[in-house]
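Engineer: Sequence plus predicted model, see below.
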Amino acid sequence: MKSVLEVLKATTVYFQKHEIESPRLNIEHLLAHVLQRRRMDLYLEFDRPLSDKELEPLRDLVKRRASGEPLQHLLGSVDFLGRKFLCDKRALIPRPETEQLAEMLLQECQSAQRIVDVGTGSGVLALSLAAGLPGAQVEAVDFSAEALSLARENAAQLGLADRVLFHQGDLLDPVSGVFDLVVANLPYIPRSEIPGLSREVQHDPTAALDGGPVGTELILRLLEQCPEKLAGLLALEIGLDQGPELQARLEALGFRNIRLLPDYQGHSRFLLASYG
């Protein structure tokens, strides 16, 4: 029988050959998942022998990861602002940039009373804001019924089902009234670039990636809707090089205090503006 350390070392080499990013970290997560341990607990069990019963499910997960299936799908969950969210092929895997946006809004929007998350996907933004801003009324919209089913499951397992009202529909069409905060992480990848994305990203729903021929079509349509339903802050996660076009449109629509902010990698990723 192989020990925990032997399995970690051998699989790290296997993942390296298959060009898996962070190979050692990946196998640590998978092995901890199979053994139902915390990842850091593995360091206390390096010499522990692993039985065939334990290795059998691990072998399947390792093969699927080597083929490009995302780690988050294999684990069935993802950590986001200290909470564990269910994660599968029904919605986009939450990115670190979206987590940064949520942190930013939790600091800036303490007084927000009505919030809507447009294109909620798995619900990470809406649910994180609901948890962090208990005085706010939070609503969430998505065109995809499958994504909304995942978001509702996340709301239930986090004990937030009574805090977020979910709607199926197009952008702001399903909601009424005026909001203090409109936040959106809409698809922003130009359609022609999708076939060239990584193997892992190809497992995300195409509809969650496809921003149209240029990439900004959905975002521009949202901007046009905001003047009727926003009296406060608009917060967007956008693609690289999309800032100038969207800033110009915000100015033309009468938005003020327009800010283009960088992510942790220094890329212009977030666009914030006030209206009303």
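Structural biologist: Right, received. Where do you want to start?
Engineer: same for the helix or strand hosting Q247, what does it pack against?
Structural biologist: Element membership for Q247 (DSSP states H and E) is helix 243-252. Here helix 243-252 touches helix 217-229, strand 256-262, strand 268-275, going by 3 or more Cβ pairs under 8 Å, 6 or more residues apart in numbering; DSSP states H and E. The way it works is simple: take the backbone N, C-alpha and C, and place the C-beta from them, glycine included.
Engineer: what's the longest one in contact with?
Structural biologist: For helix 217-229, the surrounding residues in contact (Cβ atoms under 8 Å, 6 or more residues apart in numbering) are 116, 118-119, 171-173, 175-179, 182, 184, 186-188, 211-212, 234, 236, 238, 242, 246, 249-250, 253-254, 275-276.
Engineer: JSON lines please, covering the helices and strands packed on helix 243-252 and showing mean neighbour count.
Structural biologist: Shown next, in JSON lines, are the helices and strands packed on helix 243-252 (neighbours: other Cβ atoms under 10 Å):
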{"stretch": "helix 217-229", "mean neighbour count": "17"}
{"stretch": "strand 256-262", "mean neighbour count": "13"}
{"stretch": "strand 268-275", "mean neighbour count": "20"}
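Engineer: now the helices for the stretch 1-150 of the chain?
Structural biologist: Secondary structure of the stretch 1-150 of the chain (DSSP state H, counting those that start in this stretch): helices at 4-17, 23-35, 52-66, 71-75, 96-108, 124-132, 145-157.
Engineer: Dump the third one to CSV, restricted to CA.
Structural biologist: What follows is helix 52-66 as a C-alpha-only set of coordinates in CSV (Å, rounded to 0.1, in the frame of the first residue of the first chain):
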residue,chain,number,x,y,z
ASP,A,52,-7.5,0.3,-2.2
LYS,A,53,-11.0,1.3,-1.0
GLU,A,54,-9.6,4.8,-0.4
LEU,A,55,-7.6,4.9,-3.6
GLU,A,56,-10.3,3.8,-5.9
PRO,A,57,-12.4,7.0,-5.8
LEU,A,58,-9.2,9.1,-5.8
ARG,A,59,-8.0,7.5,-9.1
ASP,A,60,-11.2,8.5,-10.8
LEU,A,61,-11.0,12.1,-9.6
VAL,A,62,-7.3,12.3,-10.6
LYS,A,63,-8.1,11.2,-14.1
ARG,A,64,-10.9,13.7,-14.5
ARG,A,65,-8.7,16.5,-13.2
ALA,A,66,-5.9,15.6,-15.5
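Engineer: buried sites along it?
Structural biologist: Across helix 52-66, burial judged by 16 or more other Cβ atoms under 10 Å covers E54, L55, L58, L61, V62, R65, A66.
Engineer: repeat for the last one
Structural biologist: By neighbour count on 16+ other Cβ under 10 Å, the buried set for helix 145-157 is A147, L148, L150, A151, E153, N154, A155.
Engineer: chain center to stretch 72-83: distance?
Structural biologist: 10 Å (Cα atoms, centre = their mean, to the nearest Å).
Engineer: so for it, what's the average pLDDT?
Structural biologist: Mean pLDDT, computed over stretch 72-83, is 97.
Engineer: Tell me who's in contact with L261.
Structural biologist: L261 neighbours (Cβ under 8 Å, 6+ apart): M104, S268, R269, F270, L271, L272.
Engineer: and the residue positioned nearest the centre of the chain, what is it in contact with?
Structural biologist: Central residue of the chain (Cα atoms, centre = their mean): P94, 1.7 Å from the mean position. Contact analysis of P94 by Cβ under 8 Å, 6+ apart lists V78, F80, F85, C87, G121, S122, V124.
Engineer: Count residues in the vicinity of the fourth one, would you?
Structural biologist: The local packing count at C87 equals 26, with neighbours defined by other Cβ atoms under 10 Å.
Engineer: Surely it touches L71?
Structural biologist: No: using Cβ atoms under 8 Å, C87 makes no contact with L71, being 9.7 Å away.
Engineer: Give me the phi and psi for G119.
Structural biologist: phi 80, psi 50 (degrees, to the nearest 10).
Engineer: thinking it is in contact with A151, fair?
Structural biologist: No: assessed by Cβ under 8 Å, G119 is found out of contact with A151, at 10.8 Å.
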